[in-house]
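Sequence and predicted model, in that order:
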Amino acid sequence: MTSTAQASQSGARTAHPDHLGHVIFIAAAAAMGGFLFGYDSSVINGAVEAIRGRYDIGSAALAQVIAIALIGCAIGAATAGRIADRIGRIRCMQIAAVLFTVSAVGSALPFALWDLALWRIIGGFAIGMASVIGPAYIAEVAPPAYRGRLGSFQQAAIVVGIAISQLVNWGLLNAAGGDQRGKLMGLEAWQVMLGVMVIPAVLYGLLSFAIPESPRFLLSVGKRDRARAILEEVEGKSVDLDARVAEIEHAMQSEHKSTFKDLLGGSFFFKPIVWVGIGLSVFQQFVGINVAFYYSSTLWQSVGVDPTDSFLYSFTTSIINIIGTVIAMIFVDRVGRKPLALIGSVGMVVGLALEAWAFSYSLVDGKLPATQGWIALIAAHVFVLFFALSWGVVVWVFLGEMFPNRIRAAALGVAASAQWLANWAITASFPSLADWNLSGTYVIYTVFAALSIPFVLRYVKETKGKSLEEMG
């Protein structure tokens with residue numbers, strides 16, 4: 001019997017859980033790693049200028065300290081799949097929670113620049129693990145009818161984490177009298193900003209004890225009864241559980257533990273589907289989205305905005321990010337992944353092009369002319385909105401769904417690693433590029449947003465409404 005036929009017989013496609021609220025809680029708890037991902041990625045925004053001043057470093061060295069966490073992210077993403085296949089998804093989450101906690105404490109109490117960088121690498125490793133485990137776990141426990149919406153919890157958690165970090169930073173900055181190096185609780189304000197992440201890190205660890213292991217992992221280690229019970233818990237009693245277990249086992253029997261070697265083939269080293277995943281990851285980063293979250297306060301200050309106001313604008317951008325993500329969550333299963341990606345690409349081209357135009361004007365008394373300043377601010381929010389309602393969500397959903405079962409874990413790890421390396425390239429290069437030509441930098445991001453349109457049209461296939469066992 002084929003996987004498609006079994007999916008039909010088991011009722012997996014149309015499964016509706018008896019307690020949807022419980023399934024939502026499971027997905028939300030797993031996505032807490034995404035919250036930490038967003039918080040840790042964005043919290044550094046509040047510390048950039050303080051680190052520059054405390055350690056008296058230039059743009060290039062500063063960029064490396066900010067971006068070095070992304071190297072840890074790439075390593076964490078590359079190894080998380082193998083760790084999860086060996087010890088389980090839940091244990092992997094717990095390891096990430098411990099690393100997040102250690103990183104937060106170390107980053108808040110650095111002795112020197114080198115150990116601040118070390119703690120950021122450790123935090124990055126945790127983020128990389130969470131970036132792989134979150135979407136993979138949610139895809140494995142979510143009923144197919146809800147998988148797109150539940151899968152988008154990962155990105156929703158990321159954008160909420162970004163927004164909360166910006167709000168906390170803004171509050172701490174005000175408490176310190178508008179000075180990133182002002183004293184708070186015996187530390188400089190930027191140190192407190194980095195240390196606050198201990199709270200969500202501990203919460204993530206606690207939540208990991210309250211959710212079940214993935215049925216697919218349990219079946220892989222011979223715990224059939226437990227897997228069956230969890231499938232009933234998340235997909236409902238109306239599903240033929242014996243057929244559902246048989247369907248998953250059939251898919252697993254035809255595969256082996258995915259390794260890097262399994263991804264090789266085709267004309268250009270990797271299999272074509274792996275290159276598509278890598279392409280999605282790279283385009284998601286090369287439009288420059290993380291410049292808005294790592295450097296936004298520095299960016300606005302560079303064109304004459306008051307430091308406190310620059311933090312406020314960073315927060316409003318994060319709110320727009322949340323609104324866009326909610327829009328994507330509503331439409332990802334209705335409109336589909338591919339149409340949303342195309343809509344987002346067009347919107348990003350418009351926003352980025354307007355920013356490039358605005359930044360091309362010379363500063364007057366240290367500020368952009370009023371018209372160009374307002375257009376730059378509005379265009380930045382337009383760019384973030386269209387990214388959030390499209391690529392911010394659909395890439396994570398695609399990566400959780402698009403790969404055949406036999407290579408999913410390894411392929412997801414490679415695609416996520418590519419994403420972190422692309423993120424590192426953008427993050428490490430922005431300060432120097434901005435010193436060279438801020439407008440030209442945004443022209444580069446605009447070109448990548450434009451190139452993403454033919455890439456999606458030609459190479460990306462829709463995954464809406466398909467079970468994971470139908471992916472090959």
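Cool, got the structure.

where are the low-confidence patches of this protein?
Residue ranges of the chain with pLDDT under 70: 1-18, 254-258, 266-268, 307, 465-472.

Centroid-wise, who is the farthest residue in it?
Distance to the chain centre peaks in the chain at residue 365, reaching 38.2 Å (criterion: C-alpha atoms, centre = their mean).

In contact with that residue, which residues?
Counting by C-beta atoms under 8 Å, 6 or more residues apart in numbering, residue 365 touches residue 304. (Glycine included, C-beta is placed from N, CA and C.)

State the distance from it to residue 303.
12 Å (C-beta to C-beta, to the nearest Å).

Quick check: phi and psi at residue 332.
With angles defined as degrees, to the nearest 10, residue 332 sits at phi -60, psi -30.

In contact with it, which residues?
Taking C-beta under 8 Å, 6+ apart as the test, what residue 332 contacts is 148-149, 151-152, 340, 393-394, 397, 464.

which of those residues lies closest to residue 275?
residue 394 (17.6 Å; C-beta to C-beta).

For that closest one, pull up the helix or strand it's in.
helix 391-401 (DSSP states H and E).

quick one, phi/psi of the residue nearest to residue 113 when sequence neighbours are not counted?
Nearest residue to residue 113 in three dimensions, chain neighbours excluded: residue 55, at 4.7 Å (C-beta to C-beta, 6 or more residues apart in numbering). Here the main-chain torsion angles of residue 55 (degrees, to the nearest 10) amount to phi -100, psi 0.

What's the separation between residue 55 and residue 146?
48 Å.

Between these two, which is the more surrounded one?
Comparing residue 55 with residue 146 by other C-beta atoms under 10 Å, the one with more neighbours is residue 146, at 20 against 14.

The more buried one is in contact with residue 138, isn't it?
No. If you go by C-beta atoms under 8 Å, residue 146 and residue 138 don't touch, sitting 10.0 Å apart.

Going along the chain, name the helices of the stretch 251-400 of the chain.
Per DSSP state H, counting those that start in this stretch, the stretch 251-400 of the chain carries helices over the ranges 272-286, 291-294, 296-302, 307-331, 337-359, 370-388, 391-401.

What are the contacting residues of the second one?
Contacts made with helix 291-294 from outside it, assessed by C-beta under 8 Å, 6+ apart, are listed as 41-42, 44-45, 48, 66, 162, 299, 314, 317-318, 380, 383-384, 426-427, 430, 445.

which stretches of the stretch 101-250 of the chain form strands?
Using DSSP state E, counting those that start in this stretch, the strands of the stretch 101-250 of the chain run over residues 183-184, 187-188.

Select the longest helix from the chain.
helix 408-459 (DSSP state H).

wait, residue 345 sits on residue 454?
No. Using C-beta under 8 Å, residue 345 makes no contact with residue 454, being 9.6 Å away.

With neighbour numbers in mind, choose between these two.
residue 345 (25 against 10).

quick revisit: between the contacts of residue 332, which has the most around it?
Neighbour counts for those peak at residue 393, which has 33 neighbours (criterion: other C-beta under 10 Å).
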